[in-house]
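Participant: what shape does this take:
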Amino acid sequence: LIISNLICARATASHASLGARYHEVAEDHDLTQREEEILYRLRAGEREETLAAVDGLLDFWWKSNLSPQLFCHECLELCYLGLRAAQETGENYLETLGEGYLPHEELFRLRGYRQICGWVRGFFGRLCDWLQEVKSRGMHKGVLEAKQYILKNYDKSLTLQELAQAVYMNPTYLSMLFKE
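Facilitator: Now for the predicted structure:
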(Lines give C-alpha, C1' and ligand atoms only; values in the text may rest on other atoms or scores of the structure.)
Protein backbone atom coordinates (compact mmCIF):
# COMPACT_ATOMS: atom_id res chain seq x y z
CA LEU A 1 0.00 0.00 0.00
CA ILE A 2 2.88 2.37 0.67
CA ILE A 3 4.16 1.78 -2.86
CA SER A 4 0.65 2.38 -4.20
CA ASN A 5 0.51 5.69 -2.34
CA LEU A 6 3.92 6.67 -3.68
CA ILE A 7 2.81 5.85 -7.21
CA CYS A 8 -0.36 7.86 -6.67
CA ALA A 9 1.61 10.78 -5.27
CA ARG A 10 4.10 10.66 -8.13
CA ALA A 11 1.41 10.34 -10.79
CA THR A 12 -0.49 13.31 -9.44
CA ALA A 13 2.42 15.48 -8.39
CA SER A 14 1.56 17.82 -11.21
CA HIS A 15 -1.72 18.45 -9.41
CA ALA A 16 0.08 19.86 -6.38
CA SER A 17 0.38 23.17 -8.16
CA LEU A 18 -3.37 23.11 -8.70
CA GLY A 19 -3.96 23.78 -5.02
CA ALA A 20 -3.34 27.46 -5.56
CA ARG A 21 -5.18 27.60 -8.86
CA TYR A 22 -7.70 24.75 -8.76
CA HIS A 23 -10.12 26.61 -11.03
CA GLU A 24 -7.97 25.69 -14.03
CA VAL A 25 -8.86 22.01 -13.64
CA ALA A 26 -12.55 22.74 -14.16
CA GLU A 27 -11.91 25.03 -17.10
CA ASP A 28 -9.65 22.59 -18.95
CA HIS A 29 -11.47 19.40 -18.05
CA ASP A 30 -14.05 17.84 -20.39
CA LEU A 31 -16.79 16.77 -18.03
CA THR A 32 -18.47 13.40 -18.24
CA GLN A 33 -22.21 13.08 -17.85
CA ARG A 34 -21.71 11.70 -14.33
CA GLU A 35 -19.49 14.65 -13.35
CA GLU A 36 -22.03 17.07 -14.83
CA GLU A 37 -24.74 15.45 -12.72
CA ILE A 38 -22.66 15.81 -9.56
CA LEU A 39 -22.01 19.48 -10.25
CA TYR A 40 -25.67 20.11 -11.09
CA ARG A 41 -26.86 18.44 -7.88
CA LEU A 42 -24.19 20.26 -5.86
CA ARG A 43 -25.21 23.63 -7.28
CA ALA A 44 -28.89 22.82 -6.72
CA GLY A 45 -28.22 22.12 -3.04
CA GLU A 46 -29.37 18.51 -3.30
CA ARG A 47 -27.12 16.91 -0.69
CA GLU A 48 -28.35 13.31 -0.82
CA GLU A 49 -28.56 13.30 -4.61
CA THR A 50 -25.05 14.75 -4.85
CA LEU A 51 -23.68 12.04 -2.57
CA ALA A 52 -25.54 9.32 -4.48
CA ALA A 53 -24.06 10.64 -7.75
CA VAL A 54 -20.57 10.74 -6.17
CA ASP A 55 -21.02 7.15 -4.96
CA GLY A 56 -22.14 6.10 -8.44
CA LEU A 57 -19.12 7.68 -10.09
CA LEU A 58 -16.69 6.19 -7.56
CA ASP A 59 -18.27 2.77 -8.10
CA PHE A 60 -18.05 3.20 -11.87
CA TRP A 61 -14.36 4.07 -11.66
CA TRP A 62 -13.72 1.09 -9.38
CA LYS A 63 -15.54 -1.32 -11.72
CA SER A 64 -13.59 0.15 -14.65
CA ASN A 65 -10.42 -1.31 -13.08
CA LEU A 66 -8.55 1.97 -13.07
CA SER A 67 -5.00 1.76 -11.86
CA PRO A 68 -4.56 3.02 -8.27
CA GLN A 69 -2.81 6.15 -9.48
CA LEU A 70 -5.49 6.93 -12.07
CA PHE A 71 -8.27 6.30 -9.52
CA CYS A 72 -6.56 8.69 -7.11
CA HIS A 73 -6.09 11.23 -9.90
CA GLU A 74 -9.77 11.09 -10.90
CA CYS A 75 -10.91 11.48 -7.29
CA LEU A 76 -8.70 14.51 -6.87
CA GLU A 77 -9.97 16.12 -10.07
CA LEU A 78 -13.55 15.51 -8.94
CA CYS A 79 -12.84 17.30 -5.67
CA TYR A 80 -11.32 20.27 -7.48
CA LEU A 81 -14.33 20.40 -9.79
CA GLY A 82 -16.54 20.59 -6.72
CA LEU A 83 -14.38 23.38 -5.32
CA ARG A 84 -14.67 25.27 -8.60
CA ALA A 85 -18.46 25.00 -8.46
CA ALA A 86 -18.42 26.18 -4.83
CA GLN A 87 -16.29 29.16 -5.82
CA GLU A 88 -19.27 30.41 -7.87
CA THR A 89 -20.78 31.55 -4.57
CA GLY A 90 -18.14 34.26 -4.41
CA GLU A 91 -16.60 32.65 -1.34
CA ASN A 92 -13.74 30.20 -0.96
CA TYR A 93 -14.52 26.92 0.78
CA LEU A 94 -10.84 26.10 1.26
CA GLU A 95 -10.42 29.18 3.45
CA THR A 96 -12.90 27.69 5.92
CA LEU A 97 -10.69 24.61 6.26
CA GLY A 98 -7.64 26.50 7.43
CA GLU A 99 -4.77 28.30 5.85
CA GLY A 100 -2.77 26.14 3.51
CA TYR A 101 -5.27 23.26 3.41
CA LEU A 102 -5.10 21.36 0.13
CA PRO A 103 -7.23 18.29 -0.57
CA HIS A 104 -4.48 16.36 -2.34
CA GLU A 105 -2.31 16.37 0.78
CA GLU A 106 -5.05 14.69 2.78
CA LEU A 107 -5.98 12.32 -0.04
CA PHE A 108 -2.40 11.06 -0.37
CA ARG A 109 -2.36 9.98 3.28
CA LEU A 110 -5.17 7.49 2.71
CA ARG A 111 -4.69 3.79 2.12
CA GLY A 112 -6.88 1.79 -0.16
CA TYR A 113 -10.03 2.20 -2.17
CA ARG A 114 -12.48 2.27 0.77
CA GLN A 115 -10.64 5.01 2.63
CA ILE A 116 -10.35 7.13 -0.51
CA CYS A 117 -14.03 6.68 -1.38
CA GLY A 118 -15.06 7.51 2.19
CA TRP A 119 -12.93 10.63 2.17
CA VAL A 120 -14.28 11.83 -1.22
CA ARG A 121 -17.86 11.21 -0.07
CA GLY A 122 -17.18 13.07 3.18
CA PHE A 123 -15.55 15.91 1.27
CA PHE A 124 -18.65 16.36 -0.88
CA GLY A 125 -20.95 16.04 2.13
CA ARG A 126 -19.11 18.84 3.92
CA LEU A 127 -19.03 20.89 0.72
CA CYS A 128 -22.83 20.50 0.34
CA ASP A 129 -23.34 21.59 3.95
CA TRP A 130 -21.14 24.63 3.45
CA LEU A 131 -22.97 25.62 0.24
CA GLN A 132 -26.30 25.37 2.05
CA GLU A 133 -24.95 27.61 4.81
CA VAL A 134 -23.72 30.17 2.28
CA LYS A 135 -27.10 30.17 0.53
CA SER A 136 -28.93 30.68 3.80
CA ARG A 137 -26.88 33.79 4.62
CA GLY A 138 -28.47 35.87 1.89
CA MET A 139 -28.41 36.72 -1.75
CA HIS A 140 -25.62 35.16 -3.72
CA LYS A 141 -22.79 37.51 -4.70
CA GLY A 142 -23.10 36.36 -8.32
CA VAL A 143 -26.78 37.33 -8.41
CA LEU A 144 -25.94 40.77 -7.07
CA GLU A 145 -23.24 41.19 -9.72
CA ALA A 146 -25.62 39.94 -12.42
CA LYS A 147 -28.28 42.45 -11.36
CA GLN A 148 -25.71 45.24 -11.49
CA TYR A 149 -24.60 44.08 -14.94
CA ILE A 150 -28.20 44.05 -16.17
CA LEU A 151 -28.77 47.58 -14.88
CA LYS A 152 -25.59 48.83 -16.56
CA ASN A 153 -26.55 47.15 -19.83
CA TYR A 154 -30.29 47.67 -19.69
CA ASP A 155 -30.42 49.02 -23.24
CA LYS A 156 -28.82 45.87 -24.69
CA SER A 157 -30.35 42.53 -25.50
CA LEU A 158 -28.60 40.12 -23.12
CA THR A 159 -28.61 36.35 -23.17
CA LEU A 160 -28.22 34.15 -20.14
CA GLN A 161 -24.91 32.90 -21.57
CA GLU A 162 -23.56 36.46 -21.89
CA LEU A 163 -24.73 37.39 -18.41
CA ALA A 164 -23.23 34.26 -16.86
CA GLN A 165 -19.95 34.86 -18.66
CA ALA A 166 -19.85 38.45 -17.43
CA VAL A 167 -20.14 37.36 -13.80
CA TYR A 168 -17.98 34.21 -14.20
CA MET A 169 -20.74 31.72 -13.41
CA ASN A 170 -22.29 28.65 -14.94
CA PRO A 171 -25.45 29.70 -16.87
CA THR A 172 -27.61 26.94 -15.38
CA TYR A 173 -26.50 27.77 -11.86
CA LEU A 174 -27.05 31.49 -12.37
CA SER A 175 -30.54 30.82 -13.70
CA MET A 176 -31.35 28.63 -10.71
CA LEU A 177 -30.11 31.28 -8.27
CA PHE A 178 -32.19 33.96 -9.98
CA LYS A 179 -35.29 31.82 -9.55
CA GLU A 180 -34.64 31.57 -5.82
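Participant: residue ranges in the chain under the pLDDT threshold?
Facilitator: Low-confidence segments of the chain, defined by pLDDT under 70: 1-30, 138-139, 180.
Participant: 50 instead?
Facilitator: Counting by pLDDT under 50, the chain has low-confidence residues at 1-28.
Participant: most centrally placed residue in it?
Facilitator: The centroid of the chain falls nearest to residue 82 when counting by Cα atoms, centre = their mean (0.8 Å).
Participant: that residue contacts residue 127, correct?
Facilitator: Yes - judged on Cβ atoms under 8 Å, residue 82 makes contact with residue 127 at a distance of 5.4 Å. C-betas here are computed from N, CA, C, even on glycine.
Participant: quick check: neighbours shared by the two?
Facilitator: Taking Cβ atoms under 8 Å, 6 or more residues apart in numbering as the criterion, residue 82 and residue 127 both touch residue 42.
Participant: now residue 46: phi and psi?
Facilitator: Dihedral angles phi and psi of residue 46 (degrees, to the nearest 10) take the values phi -90, psi 90.
Participant: which residues are contacting stretch 169-180?
Facilitator: For stretch 169-180, the surrounding residues in contact (Cβ under 8 Å, 6+ apart) are 39-40, 43-44, 85, 88, 135, 140, 142-143, 146, 160-161, 163-164, 167.
Participant: hmm, try it at 10 Å
Facilitator: The contact list for stretch 169-180, computed with Cβ atoms under 10 Å, 6 or more residues apart in numbering, reads 26, 36, 39-40, 42-45, 84-85, 87-90, 135, 139-143, 145-147, 159-168.
Participant: just the buried members of these?
Facilitator: Buried members of these, counted by 16 or more other Cβ atoms under 10 Å: 26, 39-40, 42-43, 45, 84-85, 87-89, 140-143, 145-146, 163-164, 166-167.
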